[in-house]
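In: return a 3D structure for these sequence lines:
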Amino acid sequence: MTFNWTPLKKLDNTNIELVDSVLYDFESAAKKVGAKKINFENLSKDDIILAIGGDGTALQAMRKAVSVGAKIVAVHAGRLGFLTDFHPKETKQIPQLILNNQIQKDSRWILETTINDQTVYAANEFSLADRFSGQAHWFGFKFKDFNAGRFMADGVVLSTSTGSTAYSLSNGGSIICPEANVAMVSAMSPASLSFRTISVPIEKDNISLECQCRNDSELIIRADGQEANSIKMKKNEKFEFTISRSLNEVTFLRKNEWCFFTALAEKMHWNEQY
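Out: Down below sits the predicted model:
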């Protein structure tokens, strides 16, 4: 049984030759096993997105894959690459590995919210902040409709377990195993050191991020760093939006020898001798 696939290349102009080489190698190998290249709009369940780049490209693929159930194969052609496990030199082997079922499935849960009647997904995190950095307001969050914390900061972030190695980590959060059903609330540049990242179970509509503005402002909701909505605010006006764990998950197809903890140790240089 063969498969359909579509490519997703990194957005910037670095490593163009490498990216094109990976795409050529995969397409050539895919033809040999009868795999068909299709357009993004024709993606359906169990089709494959070939993501060539770094974590940003993999995140983009996750947001595209979640609504249709497509699988992701991620080839590393970027910088850090927590989510991209295949080396470019392994590209020619991938179609045959998929055909022979010599891969493992790595499922990741993601977040969703509704903005202007549209579902918006975030694989790493949702954030709420002033459009202009350095503008502090009163931020907080609710857990099951209970006010769980209020603090002065530049913004507030709700991260997935996958996103624990991204924005959340730079905010002082813990690293969470991707399989854990735990989200993390962290503050962006809090005015008080007393606020620390909080881990909470994530369910349907059980967490809200909120802000009370100290002056006339424009708040921005970002999904994985991409602007999702802007809200004009008056002084002392309050705003909140609710976030859920999506009922849909995203599945990566990985090498059989891939392991999250091995990849983590490699990326964080934990095993190096000094």
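In: how about the nearest residue to Asn124 once chain neighbours are set aside, secondary structure?
Out: Counting by Cβ to Cβ, 6 or more residues apart in numbering, Gly163 is the residue found nearest to Asn124 once chain neighbours are left out, at 3.3 Å. C-betas here are computed from N, CA, C, even on glycine. Three-state call for Gly163 (DSSP: H, G, I helix; E, B strand; the rest coil): helix.
In: per-residue confidence for Gly163?
Out: With respect to pLDDT, Gly163 scores 92.
In: residues contacting it?
Out: Gly163 makes contact with 122-125, 184, 224, according to Cβ atoms under 8 Å, 6 or more residues apart in numbering.
In: nearest to Leu158 among those residues?
Out: Taking Cβ to Cβ as the measure, Glu125 is the one of the contacts of Gly163 closest to Leu158, at 6.1 Å.
In: does that closest one really touch Ile221, like I thought?
Out: No. Using Cβ atoms under 8 Å, Glu125 makes no contact with Ile221, being 11.1 Å away.
In: which one of the two has more residues nearby?
Out: Ranked by neighbour count (other Cβ atoms under 10 Å), Glu125 and Ile221 place Glu125 first, with 26 against 22.
In: tell me which helix or strand of this structure sits lowest on mean pLDDT?
Out: Lowest by mean pLDDT, DSSP states H and E among the helices and strands of the chain is helix 167-170, with a mean of 82.
In: centre of the chain to that helix, how far?
Out: 12 Å (Cα atoms, centre = their mean, to the nearest Å).
In: show me the helices in the stretch 51-200 of the chain, by range?
Out: For the stretch 51-200 of the chain, the helices defined by DSSP state H, counting those that start in this stretch occupy 55-65, 94-99, 167-170.
In: name the residues of the last one that are buried.
Out: I take that to be helix 167-170. Within helix 167-170, the residues that count as buried by 16 or more other Cβ atoms under 10 Å are 167-169.
In: got the contact list for the nearest residue in space to Ala183 that is not next to it in sequence?
Out: Distance criterion Cβ to Cβ, 6+ apart; nearest residue to Ala183, sequence neighbours excluded, is Ile202 at 4.0 Å. Contact partners of Ile202, counting by Cβ under 8 Å, 6+ apart, are 109, 111, 160, 181-183, 244-245.
In: if we use 7 Å, what do you get?
Out: Shown in contact with Ile202 (Cβ atoms under 7 Å, 6 or more residues apart in numbering): 181-183, 245.
In: buried ones among the residues you listed?
Out: In the contacts of Ile202, the ones that pass as buried (16+ other Cβ under 10 Å) are 182-183, 245.
In: pLDDT and distance to Met152 for those residues - can I get that in CSV?
Out: Below are the buried ones among the contacts of Ile202 laid out as CSV (pLDDT from 0 to 100; distance: Cβ to Cβ, whole Å):
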residue, pLDDT, distance to Met152
Val182, 93, 26
Ala183, 94, 22
Arg245, 95, 28
